[in-house]
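Peer 1: model this:
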Amino acid sequence: MEVSSGLNPRPNSHALDRDKDHEEKEAADIENLELETVVHDYHFRSMSALEILRETVRILRYNSAGFMAIVAVLICPVSAVVLSNVLVNQTLSKWLSIRLLLIAKSSGLPLRPFVKHSCQKLSETVVSVTLSFPLFITLSLLSKAAVVYSVDCTYSRRKFDSSKLYVIVSKIWKRVVFTYLWVCLVVSGCVTLFLVLLIVVSSVFFLIMGFPSDLILYPAMVVGFLFSVVLANTIIICNIAIVISVLEDVSGPQALLRSSSLIKGQTQVGLLIFLGSTIGMAFVEGLFEHRVKTLSYGDGSSRIWEGPLLVVMYSFVVLIDSMMSAVFYFSCKSYRMESANEENEPVLEALTIPSVQ
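Peer 2: Predicted structure coming up:
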């Protein structure tokens, strides 16, 4: 007589399947709950700079794989070039620095170390940006578009999809590039206007009013401070204009006008975001200058790991800056739409669906 052990493997298998399904459901619920928090904050109120930073971190956690891919493929190469100044022509930079010093001297500015250092940094920046322009208009601009797409995916409850990103970028690339060219034109115009105004003010105080050169430095500093405020506001408008050119069917000057209109009443938040990002980038650039470029300690063997580490740190600062610009756009737009009792819908999803005739 065969004795049954009373153990049946099938019920145990079903039980394991039920437990597995339950665990997957709990994980999905946690993920949805985290995303609900992001979407809830976006829909119901405008946010301060600190709240935008917190939401940026939550979005980064939700779509971490997509953002890490963007950092590795698109942002890190540009960061390595920017930090190392590998494309900077030292001869051209020195020539431009000497010309700027001659202009400063002829306008009456005293050639103090601060003035010399400013002329040197300005010349290096101009040469670096000019020679790196092909890299900025390709990889850097593509990374900004990819970041905006990923943030939009989060708000529309979708995961990052590289194939959809390719389809979207191929359709919006022309207007994004057109907007970026206008952004470069506007920023270049601001810098040129500042230099002209600085020369005019210095010349008036030195040649016409007869002020000594040491006193001319003070009105020049006032002009520089005013220029910093104007430049900061301009860069905020330009950053949001890039986001607008990705998410909305506008480009160029229309995107810039739309951006300036959208951030009205939220300029202080934008300035805090810009200030935080600028300080973060300057801090990493200073570390790279001191720890990697300048051999000020040891035998320099630490450059092997410090250089790549600082490039990754700089890339993350750039990523957070781009994400905060996108979140700032959604915050401003949500605030405007709530004021007008309108409803916001995902903007990029429709671009991936082919039109049916």
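Peer 1: for the rest of this, base every contact and every neighbour count on C-alpha atoms.
Peer 2: Noted.
Peer 1: now residue 280: how far from residue 105?
Peer 2: 33 Å (Cα to Cα, to the nearest Å).
Peer 1: residue 176 too?
Peer 2: Applying Cα to Cα to residue 176 and residue 105 gives a distance of 41 Å.
Peer 1: neighbour-wise, which of these two wins?
Peer 2: Set residue 176 next to residue 105 and count neighbours by other Cα atoms under 10 Å: residue 176 wins out with 28 against 16.
Peer 1: can you say which helix or strand has that one in it?
Peer 2: Residue 176 belongs to helix 162-203 when elements are defined using DSSP states H and E.
Peer 1: so how far is the next helix or strand after that helix from its chain's centroid?
Peer 2: Per DSSP H and E, the first helix or strand lying C-terminal to helix 162-203 is helix 213-247. From the chain centre to the centre of helix 213-247 is a distance of 17 Å (Cα atoms, centre = their mean, to the nearest Å).
Peer 1: now swap in stretch 248-261 and tell me
Peer 2: With Cα atoms, centre = their mean, you get 18 Å for stretch 248-261.
Peer 1: and what of stretch 72-91?
Peer 2: From the chain centre to the centre of stretch 72-91 is a distance of 16 Å (Cα atoms, centre = their mean).
Peer 1: kindly report the same for stretch 193-209.
Peer 2: 34 Å.
Peer 1: how about that stretch: buried residues?
Peer 2: Residues of stretch 193-209 classed as buried by neighbour count (16 or more other Cα atoms under 10 Å): 194-195, 197-199, 201-206.
Peer 1: what does stretch 119-131 give?
Peer 2: So, applying 16+ other Cα under 10 Å, buried residues of stretch 119-131: 119-120, 122-125, 127-129.
Peer 1: before we move on, what about stretch 250-263?
Peer 2: Quick answer for stretch 250-263 (16+ other Cα under 10 Å): 250-252, 255-256, 258-260, 262-263.
Peer 1: with stretch 64-81 instead?
Peer 2: So, applying 16+ other Cα under 10 Å, buried residues of stretch 64-81: 64, 66-67, 70-71, 74-81.
Peer 1: where does this structure have low pLDDT?
Peer 2: 1-46, 207, 210, 213, 295-302, 338-357 (pLDDT under 70).
Peer 1: and the helix holding residue 176, how far from the chain's centre?
Peer 2: Mean-position distance between helix 162-203 and its chain equals 13 Å (Cα atoms, centre = their mean).
Peer 1: which of the buried residues of stretch 119-131 fall within helices?
Peer 2: Within those, residues falling in helices by DSSP state H are 119-120, 122-125, 127-129.
Peer 1: show me the contact partners of stretch 218-236.
Peer 2: The contact list for stretch 218-236, computed with Cα atoms under 8 Å, 6 or more residues apart in numbering, reads 186-187, 190, 194, 197-198, 201-202, 267, 270-271, 274.
Peer 1: go again using 7 Å as the cut-off
Peer 2: Residues from elsewhere that reach stretch 218-236, judged by Cα atoms under 7 Å, 6 or more residues apart in numbering: 190, 194, 198, 202, 270-271, 274.
Peer 1: in JSON lines: the buried residues of stretch 119-131, plus distance to residue 99.
Peer 2: JSON lines is the format used below for those (distance: Cα to Cα, whole Å):
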{"residue": "119", "distance to residue 99": "9"}
{"residue": "120", "distance to residue 99": "10"}
{"residue": "122", "distance to residue 99": "12"}
{"residue": "123", "distance to residue 99": "9"}
{"residue": "124", "distance to residue 99": "13"}
{"residue": "125", "distance to residue 99": "15"}
{"residue": "127", "distance to residue 99": "13"}
{"residue": "128", "distance to residue 99": "17"}
{"residue": "129", "distance to residue 99": "18"}
